[in-house]
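Undergrad: quick one: sequence plus predicted model below, questions after.
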Amino acid sequence: MLAVFLGLLLFGIIYNGFVTWLEEHGHDRGYTAILVVGGTLVTLTGSGILIGWRDIGTVLLCFAASGAPMVAGSIWRHVQQRARDESTARSVVQALFDDNGDAT
């Protein structure tokens with residue numbers, strides 16, 4: 001049991017470093033839900049060693065039922081935000097050209 005706890009603790013420290021690196025480089029935007037799923041799956045794997053795979057299978061199904069709509073929603077919101085950002089950028093560029101009279 002101690003080995004599983006220490007393994008999960010080590011994973012948490014390493015995963016936190018990875019997520020920190022992603023955040024510092026702006027690579028986490030739109031992927032937070034997937035990062036949470038990854039961490040949860042590792043925790044469930046460690047838990048499966050301790051309490052059995054059948055029980056973890058049930059817990060995994062419960063997480064999937066509650067988490068899948070959140071992951072889908074997170075991806076959808078990210079796609080929508082990117083579309084809004086691209087539209088805004090196009091509008092700004094067009095306004096710059098219109099203001100300068102260089103292109104229409």
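TA: Good, I have the coordinates. All values derive from a computational prediction rather than experimental measurement.

Undergrad: quick one, what contacts the residue most central in space within the chain?
TA: By C-alpha atoms, centre = their mean, the chain has its centre lying nearest to residue 32, at 2.3 Å. Going by C-beta atoms under 8 Å, 6 or more residues apart in numbering, residue 32 touches residue 74. Glycine gets a C-beta too; all of them are placed from N, C-alpha and C.

Undergrad: let me see the confidence value for it.
TA: Looking at residue 32, its pLDDT stands at 91.

Undergrad: how far is the helix-or-strand element of the chain with minimal mean pLDDT from where the chain is centred?
TA: Ranked by mean pLDDT, DSSP states H and E, the weakest helix or strand in the chain is helix 53-100, scoring a mean of 93. In terms of C-alpha atoms, centre = their mean, to the nearest Å, the centre of helix 53-100 is found 10 Å from the chain centre.
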